[in-house]
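S.K.: Sequence and predicted model, in that order:
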Amino acid sequence: MIPLQRQPLPEELTARLLARGERLPEYRGGARELWRDSRTIRRDLSGHLVAMAAGLSRCMYCGDSEGTSIDHFQPIAVAPHRAFDWLNHLWACAYCNSNQKRDLYPVDRQGRALLLDPTADEPADHLDLVLVTGAYRPRTAKGRETIRIFGLDRPVLERGRAQAYVRCRSMLRDLAHLAEQREYAEAAAVTHALAVQPFADVLYEMLRLRTAPRAALVFGAETVAGLETLMGPRFASKRGPIRSR
Ligand SMILES: [Zn+2]
């Protein structure tokens, strides 16, 4: 999971959301049905969420699968009044949304969410990513519940992150080499490929650690050079984990 920047919606869409929200109290079928009946709104919101998501429309929770639907962070079953609240909408894959999270919404004793919202929290404050194994380790209760509710410890995700780490190191070494040889067009293509690949959390973690004292020892000097190139002005990217720095 990487932090994502929520963009403001166009005024006309905000107005439509407000108008829908106002209909909630008297809508006979309840919030879930009004949401289901709001196809145009859902379609328009989806476009804005896809633009915020990492990579090629990746799920904001697992970062692996393609996102397919709008998830209500605070589920409609728990907070029907937030069904049309833009701040409560995230982009999720079918697995994370329907198989894992469903209507679950753990809270602490004060009623605060024990789930990470990537548009409001810095996931790295709550989760450690072990790059070599691809496993997440909780740093806080919120981190622990996030792993449990979204199943971020599913073996397929851990293997995927471990493989993404191998791929990132190799591509970053390539990038450092290409930049050194002034092959800028190819270097830009590698930069873009890095920025849009699934498991953006792996590259995000590497970027976070690139200035750590032992970074060259752990990643290799060429990989660190690739990370620096990635963050340099020539290859600044607008997408994914690079944008989020
Ligand atoms: Zn997912």
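M.R.: Sure, I can see it.
S.K.: Flag the shaky bits of the chain, pLDDT-wise.
M.R.: Residue ranges of the chain with pLDDT under 70: 236-245.
S.K.: Strands of that one, residue ranges please.
M.R.: 69-72, 89-92, 127-130, 135-138 (DSSP state E).
S.K.: List just the one of the ones you listed that sits closest to the ion.
M.R.: strand 89-92 (5.6 Å; C-beta to the ion). All C-beta atoms are positioned from the backbone trio N, CA, C, and that covers glycine.
S.K.: outside of the next helix or strand after the closest one, which residues touch it?
M.R.: With elements assigned by DSSP states H and E, the helix or strand that comes after strand 89-92 is helix 94. For helix 94, the surrounding residues in contact (C-beta atoms under 8 Å, 6 or more residues apart in numbering) are 65, 68-69.
S.K.: now do 6 Å
M.R.: The contact list for helix 94, computed with C-beta atoms under 6 Å, 6 or more residues apart in numbering, reads residue 68.
S.K.: Out of the strands of the chain, which is the most enclosed?
M.R.: For those, average neighbour numbers computed from mean count of other C-beta atoms under 10 Å are highest in strand 89-92, which has a mean of 26.
S.K.: Is it in proximity to the ion?
M.R.: No - Strand 89-92 is not in contact with the ion by C-beta under 5 Å from the ion; minimum separation 5.6 Å.
S.K.: who does that strand pair up with?
M.R.: Strand 89-92 sits in its sheet next to strand 69-72 (antiparallel), going by DSSP bridges.
S.K.: Is the ion within reach of the strand it pairs with?
M.R.: No - using C-beta under 5 Å from the ion, strand 69-72 never reaches the ion; the gap is at least 9.2 Å.
S.K.: Of all the strands of the chain, which one is nearest residue 169?
M.R.: Taking C-beta to C-beta, strand 127-130 is the member of these nearest to residue 169, at 14.6 Å.
S.K.: what helices or strands is the closest one leaning on?
M.R.: strand 135-138 (3 or more C-beta pairs under 6 Å, 6 or more residues apart in numbering; DSSP states H and E).
S.K.: Walk me through which strands the strand it packs on pairs with, and which way each runs.
M.R.: Applying DSSP bridges to the sheet, strand 135-138 is found paired with strand 127-130 (antiparallel).
S.K.: Could you list the alpha-carbon positions for the partner strand in CSV?
M.R.: Taking C-alpha atoms only, strand 127-130 is exported to CSV below (Å, rounded to 0.1, in the frame of the first residue of the first chain):
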residue,chain,number,x,y,z
LEU,A,127,3.5,-1.3,8.1
ASP,A,128,7.1,-2.6,7.5
LEU,A,129,7.6,-4.2,4.1
VAL,A,130,10.3,-6.9,4.1
